[in-house]
Structures are given as C-alpha cells and as structure tokens.
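Visitor: Below: sequence and its predicted model.
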There are 2 protein chains.
Amino acid sequence: MDSSGNQPEAMVPPVEGVAGGGTAYGWSESGIQDPNLLRGSIDPLKVHSSELLHVWCMPSTANVGPQDMPRALEPISLLAARNERENFQIAIRPKVSWAGSTVAGTLQMQCTDLCSTSGDRLIVGESLKVRRVVPILGVPDALVPLDVPVSQLSLFPGETTAIYVSIDVPDMHPPGQYEGEFIITATRADTQSTAQCLTKAERNQLYQELRSCLDFVEPIDGKPLDEVVERVKCASSSLKKVLQLSSFSDLYLDNGSVDMMEEDAISNLSIRVKLSLTVWDFILPVTPSLPAVIGISDTVIEDRFGVEHGSSQWYEALDQHFKWLLQYKISPYFCRWREGMRVLTYTCPWPADHPKSDEYLSDPRLGAYAVPYSPVVSCDDTAKNFLQREVEILQTKNHWRKAYFYLWDEPLNLEHYEAIRNMASEIQAYAPDARIMTTYYCGPSDAPLASNNFESFLKVPEFLRPHNQIYCTSEWVIGNREDLAKDIIAEIQPENGEEWWSYVCMGPSDPHPNWHLGMRGTQHRAVMWRVWKEGGTGFLYWGANCYDKAAVPSAEIRFRRGLPPGDGVLYYPGQVFSSSTEPVASLRLERLLSGLQDIEYLKLYSSRFGREEGVHLLEKTGMYLGPERYTHEHMPIDVMRGEVFRTCRSETN
Amino acid sequence: MDSSGNQPEAMVPPVEGVAGGGTAYGWSESGIQDPNLLRGSIDPLKVHSSELLHVWCMPSTANVGPQDMPRALEPISLLAARNERENFQIAIRPKVSWAGSTVAGTLQMQCTDLCSTSGDRLIVGESLKVRRVVPILGVPDALVPLDVPVSQLSLFPGETTAIYVSIDVPDMHPPGQYEGEFIITATRADTQSTAQCLTKAERNQLYQELRSCLDFVEPIDGKPLDEVVERVKCASSSLKKVLQLSSFSDLYLDNGSVDMMEEDAISNLSIRVKLSLTVWDFILPVTPSLPAVIGISDTVIEDRFGVEHGSSQWYEALDQHFKWLLQYKISPYFCRWREGMRVLTYTCPWPADHPKSDEYLSDPRLGAYAVPYSPVVSCDDTAKNFLQREVEILQTKNHWRKAYFYLWDEPLNLEHYEAIRNMASEIQAYAPDARIMTTYYCGPSDAPLASNNFESFLKVPEFLRPHNQIYCTSEWVIGNREDLAKDIIAEIQPENGEEWWSYVCMGPSDPHPNWHLGMRGTQHRAVMWRVWKEGGTGFLYWGANCYDKAAVPSAEIRFRRGLPPGDGVLYYPGQVFSSSTEPVASLRLERLLSGLQDIEYLKLYSSRFGREEGVHLLEKTGMYLGPERYTHEHMPIDVMRGEVFRTCRSETN
C-alpha cells in the first residue's frame, strides 16, 4: 500500500460474524446463571449475590485499582508469626447494577472471628480489621477503616473496590490453625435510610394527621358524652389511617419487631470468602531488630489541626500521632526545619525531667529515639543549659543506648560540616557516648575529600569522626550498584560503635525500591529488603505527614510541588475521609511494616543458618536480588516466609 | 560520581526549610478564608460554599477526569445557532471534607432558565439539560442525566467531578442574548434521607406508641363518660409525646410548612456560575447536510434487554433506540451480522407496506436510510418477493432518494465482490436507481486490480461499477496522506450519482481522529472535520451499541476483546447507571454531534465565500489542518464559529 499511515500489518475488521475472532460478539461469559434475574428491576434479596458481584482475593502487595478485572474466588491461606500483622485484600466488582441509583449497588460485609479447633479466637475488631482502599491521585493508597463485624459498602458501575484485611496476632496468642470467613451479601440500597425513610412531605403529613387527632381529643373536659364519642371516633379513624401509612408497612407485617440488620441480609444468597490462618510459634521481637526512624512534621500538625505550639492541645495532637505510628514498628521523631538544613528533631515533646519522657522513651517498641539539641518549647532556660540537663538525665537511663542526635539534614559544604562538629562537640562534652546521626549523599562540595564524587562521599566518616556515630546515606547514591554498599561499610568502624544507616526520599526513583505513589506493591515492600541485604543497621525516612499546607483538618490532601507523589506522606488525616480523627494509613505504610517484618523472618533464618544462607534464601526465591531485580509478584514472598516457617518452627509445634 | 544509577544531575533534597524551593512547605494557598471554618466539624450552611468547593468551567472538548486540578471560575459565554446543541462543563472539587462520611460532601446544583432581555426563555429541562460525567475504564465518558432544576451530587475526597451542560436551541427560537446561572451550594449530607430520617427503631417506637393510643380510644361505645374521658386523656398525652419526638422537631419549629428544598439551601453562601448565550439567526438544517449513518446491533438489544426477535417488545426496543439516536443528527441503521461479512441492514424494522415505514423513512432528520435486502423478521413471503415488494413500494416515495442498500462489510476477494454484484443486480432489476453502498479498504486480494495495494484499492469503483453507487472507504487507508483523498475522489463519478463516503473503526488509531476512549476531545470532534475537509459526502460508523454480550439490561458494560476501548460503543444502557431506561450518551457521541454541527457552520461559510475559503478558515484558525495536525485546545473551534457568526449573520440582526 502506497500510503504511509500507521496501519497495522493485517487489519482485522471489527465484525460480529467472524467466528473465533477476538472481536466476535459474545466472547466473554457474563456469568449470569439465574434466569429470575434477567428482567425488570433486580431484588438483591432474591438472587444469589454471586449473580450480582464478582468477589476475588488479592495479596497485600497488589495495587487493586478501579479498573482491575475479576479473577476466580479462592480460599485464602495465610501464615503469621506472633506479634505480626498479616494482610490480604478482597476485591469486589458489580456484574450488574441493581440499586437503580448512581451507585451500582450496595453490599454488606460481615467478618467472623478466626477460631482454632482448640477454641482459641482472634477477635474481629481487635485482631481483625478491615479497611476500604481509597485512591489518592487515582492510585490505590489510603486505607479507610470500615465498621466490623458488619459494614455497608457502595459499588460503582464498572469499578472494582478493594477491601484491605489485616490480622494482628497478639504476641502471646496460641499458635495453631485458625479459620474464619467474610460473608458478602448484595443488599437493597440503604434499606434503612432511603426505602423506609419518610420524606419531609411524608413526615409533614404524619405530623398534621397527629395534630388534628390531638385536636379532636384535647378539649374534652365538660363535653357531653355523645360529642366525646364522636370526637374519639374521628381521632380513632385518623390514627388508623396513620398506622396504615406505607412507611410502617414493614412493621405492620412483622408485627413491629426490630430485626438485626445483619440477620436480614446474611443468608444462603451470600458469597463466603474462607480464610485459613496458620499462627506459628515465632514471636516477632517487641523492639524491632532494625530501627526505622521516621519524621513527623510538627509544623504540619500545628497548621492543619490548628494547635498552637506548646499548648496542651499541641501535646495531645503529637501524642496521638506518636502512639498511632508506634503500631507500625517504626520509631517516630518529630521534626521542625530551621534555617538552612538545620533540623530540630525530638521523639518526645516533653523535656527529660517530665514523667512523659520515660513513658515515651522506655516504650519497648521504640528502636531508637531522637534527643533535641535545643528546647522544643521555649522555656526560661538557655539552650545550653537545656541541652546539658537533657543529656545528664537521659544518659543515666537504660534507654540511653537508643538515643541519637539528628542535627543537620544533608550537609553540603564545609560550613555545614563544621556546624555539625560544633554541636556534636558540645553534646559529647556532656556525654562522650552520645550518638550523633547525620544524613548525607556527598562530601563537602567546597573541599573535595577525594578525586571523584563517590570517593569523596565514601570519605565522609573519616572526615566527621569522632563527631558522628551513625552515618546515614541516601540509597540514591548506590543506584543499581549494590556492590558499592560494601565500600561504604568498609569505611564504618562498628568496633567503635559506628553504624551505617540508609534513607530514601525523592530518590532513588523507579524501578528502584521507594515509597512513591504509583510504584508496585513489591517495590514498596522491597525498601526494607534492600536495607537488610545491603547490611545497614538502621533506616531513616524524612517525613510521614509532609503533605502541603492546610488550615483545616479535613482539607484535601495535596502533595508538595516538586516532590514525587506520595514522597514524605505515609498516612493521612482521618478527617479527610470520615468523621473519625484517627489517622488513615497508606498502603505504603503497611508495606513498610511488612518489610520490617520480613527482616525479622530473614534474621531468624540467618540466626539459624548464617547470614549468607539468609541472603541466599532472599535470592533463590526470586524475592530480592538487587535494586532492579526483585519480584513483581507476591508469591516469592510467601515462599520465603514459608521456608522460614518450615525450617525454624520448633519441633514440638 | 562513580555509581551508574539513575540519579538526576543535581539532586534537590526535599526539605521544608529551603526558601522558594518547589518542595517548600506552604507553597500553595489553601484558599480557606473563613476563620469560622477552621475548627471542629464543618456546617456547610454556615460558610460560603467557595470555602468548601472549587468550581470552574471547562469547554465541551475537555476530558475532565477525577485528577483534574482547579482553575479560576469565570463566566461562560457561548454561541449557538437555532436547532443547535451547544455544551460546556462545570468541574467541581472539594477543598475540604465536610460530610463526615465516605463522601467528602454533598452539594446541590440548581439551574435557572436562560432569559433574554425581551423576555424569551430557554427552559430548564427542555432546552437546558445537565448530566454527570462518569468514567468508563477510568476515562470520562458516560453522561448520566441529573435532575433539573435541582439535583444533589456527592463529591469524593481528592476527586474532581464534571457536569456536562447542554443547551438545545429550538429551531424557531428568537435570536438574542440569553442569561442564566448555575447555583452551587454545599449542603449537609442528604438532609432528607439521613438527618431527618427515622431509624427502624424510631419508626417502631412511633408505631407502638400510636397503636397503644388507638387501643385507648378504640372500644369506646357504651363506655361511661368518666372512663372515656380517662382514656382520651391517656391517648392525648400519648399523642403529645409522639409529636415531640425529635424526628418532628424541624416541623414543630416551622409550624409544619413544607419548605422547598431549593429555598432551604440557596443563599448568599452559594457559588454562582454565570452563563451568557448568544443565539443567532442561522438555523441548522433539519436534515443534516452530511448523512452520518450509524449501525445499531439488533442482536445486542435482543440479548441485553431480553426481547425476542420480532416480538412486540422487540419492535418497541428498536423504536426507542431509533428515536433516541435521531436526536444526534445521525441516520441510524439496524444491523445483523450474517455468515462471512454479509450484513442485513435496515433503518426501519417494519416492512415498507406498514404505516410505521413512512413514519420512519420520511422523518426529515434522517439523512439516509438502509433498505433490507431480505426480510428482517421471518415472514411467509420468499426473500425474493420480499425484496421486490419493498423496492416497488419505496421507489414511489419522495424519500426514496435517501435510500441505500448496505449488503456486505469490507469485501476482501472476488467471491465477496461477486456476491455484492449479484445482489445489486437483483435490486437494480427492480429499481435501476437503487443505490448500493459498499464499505471497503482494499481491492480483491485474489485478483489484484493494480500493481500495488493502494492502486488496487483506488480501482474498486471501476471494478464494481455499475453495481455500486456509494463507495465508502476506511480513513485508515489514507493515513496521514490527506492528498490521497483527491485520488479517491478522482475515481468517483458524481455525474452518475456516485458518492464517496468514508468510515472509521479500529483504525485509524492515535493521533488520527477517531472515537476511541482515551483520545482527546478535539480528536473525537475532528472525525467530522476530516470528512468535510477531505470532501466526502457521507460517513458510516459500524456500531453505536456494540458492547459485549450480556443478558441483563443493567449488566456491567464490557468492550469486546480485540477492539480499542470504546470502538463500536457510542452510548450505554441507562440501567447501568440508574433506574432510568433512557440510554446514556457518551462524550464521544456528543462530539460526533458537535462535529456534524461544525460541518453546517463550514458549509454556511462556504456557501457565502466558496469552499476554498471554508477550508482556509478551518486551517487559519488552527482547528484542522490534517489527520495529525488539528487543535488540542478548544479555542480555535470557538474562533471558527465566531468568524462564521460574524460574517454570515443577517444584517438586520
């Protein structure tokens, strides 16, 4: 053909008649089996829900979006250690619309306790929680809590909805096999609030009817009997009319008993998702083996929640954030950016002599905590005196070994490095064993430490010593050259208490592991696999709540300009999604936790068979080989965990 | 740096403290002005809606998706001829969540009539309609009708909702300047159905209370006065109790008058979108200048709506589809695919001797109609007799000039071409002036008409003559070589009643104009610009309702495998989106109509200044220069239309 358009080589015309062609009519099965369903309006209480809904399960690392297509429904089988959270997802998509409104339909989901044969239970609402996956910028991310044991959900035409199910196994819970189920039932749209609801006009009719009824019977004293009887008859007929209003028809029929909604809906028409959970005897350590320190911007809290710095509401707000984040096995620190790249970081907003200090800092779930270099809330004391007193109090505590000072974010030149040295000297004058942590990705630009950038970066420990103990470097520097981690480690002196930590932020970007929105689920989870494989002993993330400025708790979430979407934001204010003030986790925060838990599995395995075998397990399952070679599927994760379970469970179990 | 990762050249660390940096905290204005808004729960009836909502307008060719970001709200100014539909969109996005539920908030939109200074009106609900833009496969496409003049809408956190506003100017409507507005008000969530709604328990309480009240007064005959009085007093006190139930509190306060909901909500807290419409004296022809014939699969209707071929419900269903599509200035034909590429096409399901035949075929809005070659519904007659009678009846009619026979879809070899010739001979034996239309994109593959494919394609008219009159070719053949259209036209003999029509289907693909989902709005509208510029005199599209098989009207829409999304689907069953049975248009169908209307503008201009000037207008505005060079913005369309208005309106106006 002479024309130079962009025609496909062989054009397949889109016709219905071509047998077997991909474009043929009626290729796909609708899945509708029930002949009663097919005409007129659909009553979900008369057909099996599987005629109305696709329901299928997905692993926790899947990003289940509105366009996801149905799969077969199969029972779920999970493995969890004690003190571990394990998750999966239930995806639901309407096959038809049955609500006759802007939603395709409404469904009810009920979860049961998980029960073992020996009668132990994982209780719904305590150990078992369900959350709806809500897209942020079109990407599934926010996990908005649903009511348990029963919740109602609306489905939209042509859209898949995902439910994120989490099971927390308490640390002393009996190992064993637990069974439970999720019962999903298509329902009539909002039975309570619409169908049986009185409109204002109806209520008005009712009200007028009752008022006139009252008028009949009200001025009765002194009236002759025949008039009274006449009036009462009118009232009586008026009342009868009211009671026959269609609004009461259901009560009229069932004699007024109040049904439990759940009993109304669950029936042999429901779809049942079976869950089987193996709880094994391994107990994840209360204190995470690898401290993951994560920043919380106090400024963001002050602005969005309208709490004044240092006020009692401020302390309450910070307390709520701290406690909520501790669930994720991370070690929060509050952070306030100051001039230049100076940061004021503190895990406990109260000074060391306040009773709250011990409560916070001795929490066993904390892997490390930040001590402020200067007062967090202005006080009468000088900054110098404040620092001295903080250090003198804290260094006497048992938890002092978890303390660190984070003074400067990413020093770039000699002036910055000098500032760090000066502050460190001051601190270490009060406590020679105080640990200073510095984040960096290069050496001082104005006084190169070596002939090239990477060598110069490598020499930072030598340059900062003895004023720094924790060298926290960007994973971005390593790029896809995993072997460079060895060069970094070679410069660290663990025998002198030095550690290598790492961090991610804007970089590295796709395909490397990070927590940006739009990355794969395994890519989010692999951030921690990478840390473990490279041999770091700690991890830092700059911000968990660093969305853009807002002055209303329920204001729309906006990411800061210039950052990849999701960067610096691992959870959301609950107020954006409901009336709850409880923060809403992101899928990425859950994957951070899962990654930290994977480290415990790998550590257990390595403690039995050596670190080399641990690394080998990571690689042979295909789970993680390097920053550009990790699994895109969930299966290798379960294979790794299953292998640790098989080889490390106690014989008696 | 030594590592070979994918680091950006200069890394900008994501810090809050860097003044002026793109990542700085508080870069963007939240837009919240009202200090009353900032704490606790938000009552939308106490703050201006602009504190809660972004509202802005977009042209009809914009694809406004959930992630679209706010712009400034400016008044809308539109131009429309008589018998024209003009459209624009209102986009709405929550600034905050105020509903305290899974939605961010609820709003009410009211539209006013459009009024001219001389008192003429374009009436809401008749001339002015609003529809919600619903994504299909994540792409804004389905236009689901909203109630007018007042409708309620739910907004979701972080999601932009688009409202598609259409104004149909009746053909005899007085020209002039019309003004109207859209009043958008944030409301409390579902005032009617939730806040003032009785729960089942409350209704039950009410019901029991009233029953006992009735028991007091019911058996009253023959009772002594003092007992009657006693009973009546009990009833009366019971009634008073009922009337003081909180469910009636609002009625109690406003003395039971039923407020209009709109009056409740619209206030000085509303956002007002001003619309100014210039109606000019040009009347778009009732019969479109360019017939656009569009297929409707009767099989799809039969399966999805459960109507048996030939039954009275079947005729009703086809009738509904025909009439609904006629609004779009297209000429529908029903289509049934048979063996091979044979098609049975018919615009009227009834035979020519049925009264419905004239009603259908003489409809002035029809640009062309398909006559079936064999009986649509089996009858006693032979196919041959049927054909003869149809032709003999129809050829006596005034509308016969609009008739065509579409017998075969895309013949590929000699056998196919032979089959067309045989059928054509038969038809033309009864009526020598019968027009046969054939779609094709190549010559017979087994007997090349020339040395290369394109030349062979060009020779099809010569090859089929005199058995074919309308040569309908795929735009895909032309590719980006617009000049090839001239070669095609050179082979056509208009002096012998021959015409060149074109079609799009799977091809051409992006960036060429077509109606696939995911293409730009101007790309959709440009399908018709292209037809006009290339000089074709008609257009064919294979299917408007060719989604995949389903046996329930409200079944989820699925596109057929192997086709680009949206191909063959220009509207949807209403049942998927609501309880309405009225079909739901796609944005693409609206853009088809807009494109056809653009042709009328261009034709008017060309009738005054010559076709060359018409083409020049298309090009100089940047609206359409070629299949790969057309505007991505809306503005040039308005410039073209404005220029036609300026130069072609009558002087007296």
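Guide: Perfect, I can see it now. These numbers were taken from a predicted model, which means no experiment stands behind them. Numbers count the residues shown, from 1 in each chain, chains lettered A, B, ... in the order given.

Visitor: going forward, measure contacts and count neighbours with C-alpha atoms only.
Guide: OK.

Visitor: In terms of helices and strands, where is residue A:559?
Guide: For residue A:559, there is no helix or strand it lies in under DSSP states H and E.

Visitor: Alongside chain B, which residues does the stretch 201-350 of chain A contribute?
Guide: For the stretch 201-350 of chain A, the contact set with chain B under CA under 8 Å from any CA of the partner chain comprises A:201, A:203-204, A:207-208, A:210-211, A:214, A:217-218, A:220-221, A:225, A:228-229, A:232-233, A:235-236, A:239-240, A:243, A:248, A:251, A:256-258, A:305-306, A:337-341.

Visitor: Buried ones among these?
Guide: Neighbour counting by 16 or more other CA atoms under 10 Å in any protein chain shown classes A:203-204, A:207-208, A:210-211, A:214, A:217-218, A:220, A:225, A:228-229, A:232-233, A:235-236, A:239, A:243, A:248, A:251, A:256, A:305-306, A:337, A:341 among these as buried.

Visitor: Of those, which belong to strands?
Guide: Of those, the ones assigned to strands by DSSP state E are residue A:337.

Visitor: so where does the closest residue to residue A:645 other than its chain neighbours fall, helix or strand?
Guide: In this structure, residue A:645 finds its nearest non-sequential neighbour in residue A:280, 7.5 Å apart by CA to CA, 6 or more residues apart in numbering or on different chains. Assigning secondary structure by DSSP H and E places residue A:280 in strand A:271-283.

Visitor: Let me see the mean pLDDT of that strand.
Guide: Strand A:271-283 carries an average pLDDT of 97.

Visitor: Listing partners with orientation, what would you give for that strand?
Guide: Here strand A:271-283 is paired, per DSSP bridges, with strand A:76-82 (parallel), strand A:176-187 (antiparallel).

Visitor: C-terminal to the first one, what's the next element?
Guide: This means strand A:76-82. Using DSSP H and E, the helix or strand that follows strand A:76-82 towards the C-terminus is strand A:85-94.

Visitor: Run the chain-centre distance for that following strand.
Guide: 13 Å (CA atoms, centre = their mean, to the nearest Å).

Visitor: What is the distance between the strand holding residue A:280 and the centre of its chain?
Guide: Centroid separation for strand A:271-283 versus its chain: 20 Å, with CA atoms, centre = their mean.

Visitor: what does stretch A:405-413 give?
Guide: The chain centre lies 30 Å from the centre of stretch A:405-413; the measure is CA atoms, centre = their mean.

Visitor: Please apply the same query to stretch A:375-392.
Guide: With CA atoms, centre = their mean, you get 36 Å for stretch A:375-392.

Visitor: Using PDB, write down the CA coordinates of the host helix or strand of residue A:300.
Guide: Assigned by DSSP H and E, residue A:300 belongs to helix A:298-305. Extracted in PDB, the C-alpha atoms of helix A:298-305 (Å, rounded to 0.1, in the frame of the first residue of the first chain):
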ATOM      1  CA  ASP A 298       5.100  19.200  63.900                       C
ATOM      2  CA  THR A 299       4.500  22.300  61.700                       C
ATOM      3  CA  VAL A 300       2.100  20.300  59.600                       C
ATOM      4  CA  ILE A 301       0.200  19.200  62.700                       C
ATOM      5  CA  GLU A 302       0.100  22.700  64.100                       C
ATOM      6  CA  ASP A 303      -1.300  24.200  60.900                       C
ATOM      7  CA  ARG A 304      -3.800  21.600  59.900                       C
ATOM      8  CA  PHE A 305      -5.200  20.800  63.300                       C
END
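
Visitor: for the record, mean pLDDT for that helix?
Guide: Here helix A:298-305 scores 95 as its mean pLDDT.

Visitor: can you check stretch A:179-196 too?
Guide: Here stretch A:179-196 scores 74 as its mean pLDDT.

Visitor: ok, now stretch A:442-455?
Guide: Averaged over stretch A:442-455, pLDDT sits at 94.

Visitor: Which positions in it come out as buried?
Guide: Neighbour-count burial for stretch A:442-455 flags A:442-444, A:448-449, A:453-455 (criterion: 16+ other CA under 10 Å).

Visitor: Which ones among these also lie next to chain B?
Guide: Filtering these for proximity to chain B by CA under 8 Å from any CA leaves A:453-455.

Visitor: so where is the stretch 551-653 of chain A shaky, pLDDT-wise?
Guide: A:651-653 (pLDDT under 70).

Visitor: Ignoring the adjacent residues along the chain, who's closest to the spatially most central residue of chain A?
Guide: The centre of chain A sits closest to residue A:585, judged by CA atoms, centre = their mean, with a distance of 3.1 Å. Leaving aside its chain neighbours, residue A:585 sits nearest to residue A:571 (4.4 Å; criterion: CA to CA, 6+ apart).

Visitor: quick one on the thing from earlier: would you mind pulling the contact partners of the helix holding residue A:300?
Guide: Residues outside helix A:298-305 that contact it (CA atoms under 8 Å, 6 or more residues apart in numbering or on different chains) are A:307-309, A:314, A:317-318, A:334-336, A:545-553, B:39.

Visitor: filter these to the buried ones?
Guide: Using 16+ other CA under 10 Å as the burial test, the contacts of helix A:298-305 include A:307, A:309, A:314, A:317-318, A:334-336, A:545-553 as buried.

Visitor: Please read off the pLDDT at the residue in the stretch 301-450 of chain A that chain B sits nearest to from the model.
Guide: In the stretch 301-450 of chain A, no residue comes nearer to chain B than residue A:337, which is 5.3 Å away by CA to the nearest CA. Predicted confidence (pLDDT) for residue A:337: 86.

Visitor: Appreciated, that's everything.
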